[in-house]
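Engineer: sharing a model that was predicted from the sequence below.
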Amino acid sequence: VANAGGQAGGKGIKAMSVKPEGCSKLFIGNLSYEIDDEGITKFFMTVDAEIKAVRWLFHQDSGDFKGVGYVDFWNTDACEKAATLNGKNLLGRPIRIDWAE
């Protein structure tokens, strides 16, 4: 009998949560450890989504990059354009995108 439940590390694009009103920030995950500000900026500019700021998350004790972050956009329009890239390949990995507050 096949397991119908989702599993961590599974394939496929995870559905995004409900978008908060006026949202201009996205959570980004499943990132390559090679990603940097320039790389993420170029990625989102492919859909004309100009970034205001990026915040990468690092492990509190080791200082290692966690492979996730938050991106602030100048407006909700840019944020919505950027969200269309959920599941697209970035540096060989499918990026996971979700709305953030």
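Structural biologist: Noted; the coordinates are in hand.
Engineer: can we go C-alpha only for contacts and neighbour counts from here?
Structural biologist: Will do.
Engineer: skipping its backbone neighbours, what lies nearest the spatially most central residue of the chain in space?
Structural biologist: Central residue of the chain (C-alpha atoms, centre = their mean): residue 28, 1.9 Å from the mean position. The spatial neighbour of residue 28 that comes closest, neighbours along the chain excluded (C-alpha to C-alpha, 6 or more residues apart in numbering), is residue 97 at 4.7 Å.
Engineer: show the contacting residues for that neighbour.
Structural biologist: Counting by C-alpha atoms under 8 Å, 6 or more residues apart in numbering, residue 97 touches 16, 26, 27, 28, 29, 83, 85, 86, 87.
Engineer: repeat that for residue 82.
Structural biologist: Neighbouring residues of residue 82 by C-alpha under 8 Å, 6+ apart: 44, 47, 48, 49.
Engineer: what do you get if the cut-off is 7 Å, keeping everything else the same?
Structural biologist: Counting by C-alpha atoms under 7 Å, 6 or more residues apart in numbering, residue 82 touches 44, 47, 49.
Engineer: repeat for residue 22
Structural biologist: Taking C-alpha under 7 Å, 6+ apart as the contact definition, residue 22 lies against residue 76.
Engineer: residue 44 and residue 92, how far apart?
Structural biologist: Using C-alpha to C-alpha, to the nearest Å, we find residue 44 at a distance of 16 Å from residue 92.
Engineer: of those two, who's got more company?
Structural biologist: Neighbours of residue 44 and residue 92, each counted by other C-alpha atoms under 10 Å, are more numerous for residue 44; the result is 20 against 9.
Engineer: many thanks, we can stop here.
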